[in-house]
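> sequence and predicted model, in that order:
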Amino acid sequence: MITIVEANTKKLLKEFVKFPFALYKNHPYWVPPLINDELQTFNKEINPVFKSAEAYFYLAYQDNQIVGRIAAIVNWNEVNDQQKRKVRFGWWDIIDDIEVTKALLEKVYELGRNNNLEHVEGPMGFSNLDKVGVMVEGFDEIGSMITWYNYPYYASHLEKLGYVKEKEFHENKFPFSNVKTEFFLKANELIKKRYELKPINFSNTKDIMPYVDKMFDLFNSSYASLASFVAITDVQKEFFKKKYIHFINPEYIKFVEDKNQNIVAFSIVMPSFSEALQKANGSLFPFGFYHLLKAKKESKDMLFYLIGIDPMYQSRGVTAIVFNEYYETFKDKGIKNCYNTPYLEDNHAIINIWKHFEPVVFRKRRTYIKNL
């Protein structure tokens, strides 16, 4: 018999966060999150996403053992502003028993029907800066701190339950040796002169902070045309600013500014923390912080986390300026491999940005949809 319990206490929420640690124990490719970081994400007093969203967290038990978890989510900005009558599910992990999946998804359907919503989609988080998608290819590659890893049976559970693919996301990689300067070096100087643009680089985090709000505004305008996009609110900007900016090497954040000091492009790259997080195993203490700090300083694998271009400049070659700045930084650091975070398979603007580097798609993930 499967019993579903709402994780509505600190103890149960911690069990919710820790379940994947048991499910993926000693798995070579699963990357554990930091437990306290996850708990803050789910804390309605801390995470401002709950000002415009609601979520309920559920655990599945069988023979007094936890066998699955799921979060049922409604993003009310999406429902009210975009008229998308959708309930989301995320943070979904299960043993290979479709009855567990069915029982957990029933709680998602219940939330959707109680709010007169029309369909369910997942796995996905609260917003566009959360993790997204169930893996369907690339199981033999290590995950990252900003994606979910899952066993192959996850997707088959959904398909057997009548779900169909809604969106597909690709992740690609290329060695730094693939970067040929002829694709951007000359264009870099021409674009700067033609549009009176200049790059902005940083050596310490405090100098970045005055630009962060402008960066999030540009992020919103850059991706507004995508069907799946939900804008980041002002309170979320403050949350992400405090939570993430200090975690990123300042030299890996690049801006491009016009003559009026308007930000027209930005990019954030992060060193890979995957192996460090595996060693930390969910905790900064006693040695987790050391492993993360070591990766921050020494990792030779780079993850292109975010890139945003003002819509007015998206076909004007501004990425040549960004790439030139990263080329100089990466060359000095001895970077070996570059990875892209998940992007929609039909996001041709992103595909065109990377095409000259001959990237290889190494992982695919999907969200699935079903009518209620």
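Arrived safely. Numbers count the residues shown, from 1 in each chain.
> dump the residue contacts of K84.
Contacts for K84 (CB atoms under 8 Å, 6 or more residues apart in numbering) come out as E78. Just so you know, the C-beta spots here come from the backbone N, C-alpha and C atoms, and that holds for glycine as well.
> give me the local confidence score for it.
pLDDT, K84: 92.
> checking it next. Helix, strand or coil?
Here K84 is coil, with the state taken from DSSP: H, G, I helix; E, B strand; the rest coil.
> let me see the backbone angles for it.
phi -100, psi 110 (degrees, to the nearest 10).
> then E78?
Torsion angles, degrees, to the nearest 10, at E78: phi -70, psi -40.
> from A71, how far out is it?
According to CB to CB, to the nearest Å, E78 and A71 sit 15 Å apart.
> pLDDT below threshold where in the stretch 201-350 of the chain?
226-228 (pLDDT under 70).
> which residues in it form helices?
Using DSSP state H, counting those that start in this stretch, the helices of the stretch 201-350 of the chain run over 209-223, 234-244, 274-280, 288-298, 319-333, 348-354.
> which of the residues in the last one are buried?
By neighbour count, with 16 or more other CB atoms under 10 Å as the criterion, the buried positions of helix 348-354 are A349, I350, I353, W354.
> show me what contacts I94?
I94 touches A60, V67, G68, R69, V100, T101, L104, Y154, H157, counting by CB under 8 Å, 6+ apart.
> hmm, who's touching stretch 2-13?
Contacts of stretch 2-13 (CB under 8 Å, 6+ apart): 15-16, 39, 42, 56-62, 67, 69, 99-100, 103-104, 106-107.
> which of the residues you listed fall within strands?
Cross-referencing those against strands under DSSP state E gives Y56, F57, Y58, L59, A60, Y61, Q62, V67, R69.
> in the residues you listed, find the pair that's most separated.
Farthest-apart pair in those is Y56 and Q62; separation 20.2 Å (CB to CB).
> check contacts around the residue lying closest to G112 once chain neighbours are set aside.
Once flanking residues are discounted, G112 sits nearest to V87: 3.5 Å by CB to CB, 6 or more residues apart in numbering. By CB under 8 Å, 6+ apart, the contact set of V87 is 72-74, 108-109, 111-112, 115, 117, 119-121, 372.
> swap in 7 Å and give it another go.
Shown here is V87, whose contacts under the criterion CB atoms under 7 Å, 6 or more residues apart in numbering are A72, V74, V108, L111, G112, L117, V120.
> tell me the one of these nearest P33?
Nearest to P33 among those, with distances taken as CB to CB, is A72, at 19.6 Å.
> list the buried residues of the helix or strand hosting that closest one.
Per DSSP states H and E, A72 falls inside strand 65-75. Counting neighbours by 16+ other CB under 10 Å, one finds that the buried residues in strand 65-75 are I66, V67, G68, R69, I70, A71, A72, I73, V74, N75.
> centre of the chain versus that strand, how much separation?
Centre-to-centre, strand 65-75 and its host chain are 19 Å apart (CA atoms, centre = their mean, to the nearest Å).
> using CSV, write out every CA atom in stretch 265-276.
Taking C-alpha atoms only, stretch 265-276 is exported to CSV below (Å, rounded to 0.1, in the frame of the first residue of the first chain):
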residue,chain,number,x,y,z
ALA,A,265,24.3,42.2,-23.2
PHE,A,266,25.4,40.1,-20.2
SER,A,267,26.7,36.6,-19.6
ILE,A,268,27.4,34.5,-16.6
VAL,A,269,29.7,31.5,-16.6
MET,A,270,30.3,29.3,-13.6
PRO,A,271,33.1,26.7,-12.9
SER,A,272,31.8,23.2,-12.7
PHE,A,273,31.0,22.3,-9.1
SER,A,274,29.8,18.8,-9.9
GLU,A,275,32.6,16.7,-8.4
ALA,A,276,33.0,19.1,-5.5
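> start the count at 28, not 1, going forward
Right, with 28 as the first residue, what we last looked at is stretch 292-303.
> mind listing residues that contact that stretch?
So stretch 292-303 is contacted by 58, 169-172, 242, 245, 275-276, 279-283, 318-319, 321-323, 326, 328-337, 340, 345, 349, 353 (CB under 7 Å, 6+ apart).
> please pick the buried ones from those residues.
58, 169-172, 242, 245, 275-276, 279-283, 318-319, 322-323, 326, 328-337, 340, 345, 349, 353.
> mind listing which of the residues you listed are in strands?
Members of these lying in strands (criterion: DSSP E): 280-283, 328-336.
> in TSV: these, plus distance to K363.
TSV is the format used below for these (distance: CB to CB, whole Å):
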residue	distance to K363
I280	21
K281	20
F282	25
V283	26
D328	7
M329	9
L330	13
F331	15
Y332	18
L333	22
I334	20
G335	26
I336	27
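> burial check on N70, number of neighbours?
Residue neighbour count, defined by other CB atoms under 10 Å, stands at 12 for N70.
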